[in-house]
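S.K.: here are the coordinates; sequence isn't available:
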């Protein structure tokens, strides 16, 4: 079976719920996962799809909804988390590097935990100083490497691949037959679909 | 127990799934329902919250997602349904009248069935000609009554009540303690919450 593609951007709020849950769910389903960081921000700006900025009532609901859903999943959460992320691109360029080097899943999980449980913005100096050493990664080396052209190209190419799959939001899941699912509340449906392909 | 408030606009696409399911679900839960038609369009335009018009990729996903969800619920569906509705306001003004007269739920259900199963736009002459007689309602009388000032006022007041509850989309559900849930995929959660209040 091909891996289930998990398209995400560090910076998406609902993705906290997915990132905290997906490891166990794919294990139970016997599915492997391909972690695909990309820039959902670039695509959403292109589409004029701006769900929360300048929409305070919808944003307030989003935080309450995440709080309720987290409680339902027995996940700790401190809302509202800092939003939007100042270091959105750096956070995702590091994820792009991490994917190449094999520590993408743990980096993403540890970054989200600090962002949504302690209020430390993902991709910030404070976050990197805590997260990278846990993963055995040198902060200066990673910060330098993520700024290099090859990582910029890989990040852009991933975003282009996301576009080609019809992705317009995060988290998104692409099953083995190309079927697209969007949103944490479609995670179980995506896994079931993928397992049938 | 207070009734669960069900805020909806005929014209919302995902509401098809809710309107086809909610009758049985509230009966199973022993919950009564207050059907509250309002103008989600007016609120969404105010908030510059335009999810599908001018967003073709997101709209294409929405239709596919509704098709998949309908299949999962064993509901017939023909997508894409005509969208947006030309007679949005008339459809909801009639629902406002129907609420006063006690035939709101059946009118909404029959209108959605024709819209999403046969491609007959809700609120259109063709839809009203089929739906109203089933409910024992005279078409000319209803079309005349929905255009009267008192129905316009009741429709505006309902929309204002929706605003005051923090509603920004449809379908929305307000539990007995005021807790707000948005979207067909929160229907079960709203029912469970409401039953605990």
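M.R.: Happy to help now that I have it. Source: prediction; values computed, not measured.
S.K.: For residue A:71, give me its contacts.
M.R.: Applying CB atoms under 8 Å, 6 or more residues apart in numbering or on different chains, we find residue A:71 in contact with residue A:77. C-beta: built from backbone N, CA, C; applies to glycine.
S.K.: State the helix or strand in which it lies.
M.R.: Residue A:71 belongs to helix A:56-72 when elements are defined using DSSP states H and E.
S.K.: Can you identify the element that follows that helix toward the C-terminus?
M.R.: Sequence order places helix A:88-101 as the next helix or strand after helix A:56-72, per DSSP H and E.
S.K.: what's in contact with that following helix?
M.R.: Here helix A:88-101 has contacts from A:9-11, A:35-39, A:41, A:85, A:104, A:107-108, A:111, A:122-123, A:127-128, A:142-143, A:145-147, A:151-152, A:154-155, A:158, using CB under 8 Å, 6+ apart.
S.K.: In strands, which of those residues appear?
M.R.: Of the contacts of helix A:88-101, the ones assigned to strands by DSSP state E are A:35-37.
S.K.: so does the lowest-mean-pLDDT helix or strand in chain A get close to chain B?
M.R.: One helix or strand of chain A scores below all others by mean pLDDT, DSSP states H and E: helix A:40-46, with a mean of 91. No. Judged by CB under 8 Å from any CB of the partner chain, helix A:40-46 stays clear of chain B, getting no closer than 8.9 Å.
S.K.: Contacts for stretch A:111-127 next, please.
M.R.: So stretch A:111-127 is in contact with A:10-11, A:15-16, A:19-20, A:76-79, A:81-82, A:85-92, A:94, A:130-131, going by CB under 8 Å, 6+ apart.
S.K.: what do you get for stretch A:152-168?
M.R.: So stretch A:152-168 is contacted by A:5, A:7, A:36-40, A:42-44, A:47, A:49, A:89, A:92-93, A:96, A:100, A:172, A:174, A:178, A:180, A:182, B:55, B:57-58, B:60-61 (CB under 8 Å, 6+ apart).
S.K.: Spell out which parts of chain A neighbour chain B.
M.R.: A:47-49, A:54-55, A:57-58, A:60-61, A:64-65, A:68, A:72, A:166, A:168-169, A:180-182, A:185-186, A:189.
S.K.: Just the buried residues of these.
M.R.: Neighbour counting by 16 or more other CB atoms under 10 Å in any protein chain shown classes A:47, A:49, A:55, A:57-58, A:61, A:64-65, A:68, A:166, A:168-169, A:180-182, A:185-186, A:189 among those as buried.
S.K.: Name only those of the contacts of helix A:88-101 that count as buried.
M.R.: Neighbour-count burial (16+ other CB under 10 Å) is assigned, among those, to A:9-11, A:35-39, A:41, A:85, A:104, A:107-108, A:111, A:122-123, A:127-128, A:142, A:145-146, A:151, A:154-155, A:158.
S.K.: pretty sure residue A:5 is in a strand, no?
M.R.: Yes. Per DSSP: H, G, I helix; E, B strand; the rest coil, residue A:5 lies within a strand segment.
S.K.: List phi and psi for the closest residue to it other than its chain neighbours.
M.R.: Leaving aside its chain neighbours, residue A:5 sits nearest to residue A:174 (4.0 Å; criterion: CB to CB, 6 or more residues apart in numbering or on different chains). Main-chain torsions, residue A:174, degrees, to the nearest 10: phi -120, psi 120.
S.K.: is it possible to export the ones in strands among the contacts of helix A:88-101 to CSV including pLDDT?
M.R.: Output for those, formatted as CSV (pLDDT from 0 to 100):
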residue, pLDDT
A:35, 98
A:36, 98
A:37, 98
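S.K.: with these in mind, which one is nearest to chain B?
M.R.: residue A:36 (17.4 Å; CB to the nearest CB).
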